[in-house]
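*Asks:* The following comprises the amino acid sequence and a computationally predicted model.
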Amino acid sequence: MEPTTRQRESQRLQRVPPYLFADLDRRTEELQRRGVDVISLAVGDPDLPTPEHVLEAMRQAVMDPATHRYPPYPGTGSFRAAVAEWYQRRFGVQLDPDRQVLALIGSKEGLAHLPWALLDPGDVALVPDPGYPVYRVATLLADGVPHRLPLRPGLGFRPDLTEIPTEVARRARLMFLNYPNNPTAATVELGFFAEVVRFAREFDVVVAHDNSYSEIAYDGYRPPSFLQAPGALDVGVEYHSLSKTYCMTGWRLGWVCGNAEVVAALGKLKTNLDSGVFVAVQRAGEAALRGPEEPVRRRVAAFQARRDLLVDGLREAGWRVERPRATFYLWAEVPDGFDSVTFAQHVLERAAVVVTPGVGYGEVGDRYVRLSFTTPEDRLKEAVQRLCRLR
Ligand code: PMP
């Protein structure tokens, strides 16, 4: 008799949707093997270096043996103080660094663990579609039930909270939001967050606002903090990351701040899962937050120039694209006759440019592709020329 092999993946893991872009990846590799010069506009990972003063702080910190030991679980007191000072300076929001700030191993880690801290099996989490995939997958892994909040162009890619059925809202314990938004690049004003606070109060929902792109904004626009909305500290938390602001994706440092009860719940969970962020990295993070703003401004100016290059070039070629006020993404509608995957395949085959199919961020995203501009200018120019020849 044939031995029956047990399914190795837990049912929980099997709930995670399959990776959708295997074909696209395979084809990209095939083209590259044949010597085709493929340009990827698929990943949102800044190519610009981390600012010099941050590197210098890391150099010094790493030489200090005190940084070599286990870090304090919630983050060092001085990193949390630096976060609170930055919040006060940037948003005029006062935070207690001891109760309302928690260091994270990148914001993704803290977002992924939040449903474990707040949801019981069957509880609903409201997740934007399209949205950063972690919100939905982490909810599924925690035995929660994700409910889509469709983000459509008519409402500026904001969810319509009045569309959420009352019985779903009643079962909801958590709502994820993210502005400036990945992948749509949409932004909101404080008035929207005030509406969110009202909804959260009415249905007793915890709001987790992901503000990872708060500093990557153009033309003088300054994205607000959710915590600036009156009453927000009673209902929610906000996530931030050093990754985008200081071009530190590889360093793995972020934080969550706001409602003390939510911060404590996530802190309690994390104490049982990880042992914190390397203290030297936290010292470098402090140097970033307390340091000069000029290096950030220069990096943002570089992204803005690239944004214009990409938007102007694509518009000339007849693409209908908005000029985003924030993030380093363009969210472009695909032409009739395509869905997001077939259009990405078409672009790869005809232009040797990789773009991300919007369906990767949710069903509602299937009419769009995402192009990122974290690629050096000469490569971006070349990509635009190829895309212009496409149609
Ligand atoms: N949130 C959003 C919306 C993102 O786009 C990303 C990174 N792509 C993250 C969170 C995670 O960033 P990190 O873990 O590097 O802080």
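*Replies:* Noted; the coordinates are in hand. Residues are numbered from 1 along each chain as shown.

*Asks:* doesn't Val296 make contact with Pro46?
*Replies:* No. With contact defined as C-beta atoms under 8 Å, Pro46 does not count as touching Val296 (11.4 Å). C-beta: built from backbone N, CA, C; applies to glycine.

*Asks:* Tell me which of the two has more neighbours.
*Replies:* A direct count of neighbours by other C-beta atoms under 10 Å for Pro46 and Val296 places Pro46 higher, at 23 against 17.

*Asks:* got a list of what the more buried one touches?
*Replies:* Listed by C-beta atoms under 8 Å, 6 or more residues apart in numbering, the contact set of Pro46 reads 243-244, 247, 249, 299, 328, 374.

*Asks:* Any idea how far stretch 169-181 is from the middle of the chain?
*Replies:* Between the centre of stretch 169-181 and the centre of its host chain there is 14 Å, according to C-alpha atoms, centre = their mean, to the nearest Å.

*Asks:* ok, now stretch 318-327?
*Replies:* 18 Å.

*Asks:* could you check whether it is close to the ligand?
*Replies:* No. Using C-beta under 6 Å from any ligand atom, stretch 318-327 stays clear of the ligand, with a minimum separation of 8.1 Å.

*Asks:* out of the contacts of Pro46, who's nearest the ligand?
*Replies:* Ser243 (3.4 Å; C-beta to the nearest ligand atom).

*Asks:* Which residues of the chain lie near the ligand?
*Replies:* Close to the ligand, as judged by C-beta under 6 Å from any ligand atom, the chain has residues 44, 106-108, 132, 178, 182, 210, 212, 241, 243, 249, 254.

*Asks:* With secondary structure, neighbour count and pLDDT added, can I get those in TSV?
*Replies:* As requested, the residues of the chain next to the ligand are exported to TSV (DSSP: H, G, I helix; E, B strand; the rest coil; neighbours: other C-beta atoms under 10 Å; pLDDT from 0 to 100):
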residue	secondary structure	neighbour count	pLDDT
Gly44	coil	21	90
Gly106	coil	22	98
Ser107	helix	25	98
Lys108	helix	19	97
Tyr132	coil	21	96
Asn178	coil	24	98
Asn182	coil	23	97
Asp210	strand	30	98
Ser212	coil	25	98
Ser241	strand	26	97
Ser243	helix	22	97
Thr249	helix	18	96
Gly254	strand	26	98
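
*Asks:* Max pairwise distance over those residues: which two?
*Replies:* The span of those, defined through C-beta to C-beta, is set by Asn178 and Thr249 at 16.8 Å.

*Asks:* Break this protein into its domains for me.
*Replies:* Annotated domains of the chain cover 11-49+294-388, 52-290 [automatic domain parsing].

*Asks:* Any idea which of those domains has the lowest pLDDT on average?
*Replies:* Of all these, the minimum mean pLDDT falls on domain 11-49+294-388 (a mean of 94).

*Asks:* For beta bridges, what are the partners of the residue in the stretch 251-391 of the chain that the ligand sits nearest to?
*Replies:* Per C-beta to the nearest ligand atom, Gly254 is where the stretch 251-391 of the chain lies closest to the ligand, at 4.1 Å. Note on Gly254: beta-bridge partners by DSSP bridges are Leu104, Ser241.

*Asks:* give the contact list for it.
*Replies:* 103-110, 212, 239-243 are the contacts of Gly254 under C-beta under 8 Å, 6+ apart.

*Asks:* Quick check on Tyr329: phi, psi?
*Replies:* The phi and psi values for Tyr329, taken as degrees, to the nearest 10, are phi -130, psi 150.

*Asks:* quick one on the thing from earlier: just the closest of the residues of the chain next to the ligand to Gln304, please.
*Replies:* For the residues of the chain next to the ligand, the nearest to Gln304 is Gly44 (15.7 Å; C-beta to C-beta).

*Asks:* does Ala84 belong to a helix or a strand, and which?
*Replies:* Secondary structure from DSSP states H and E places Ala84 in helix 77-91.
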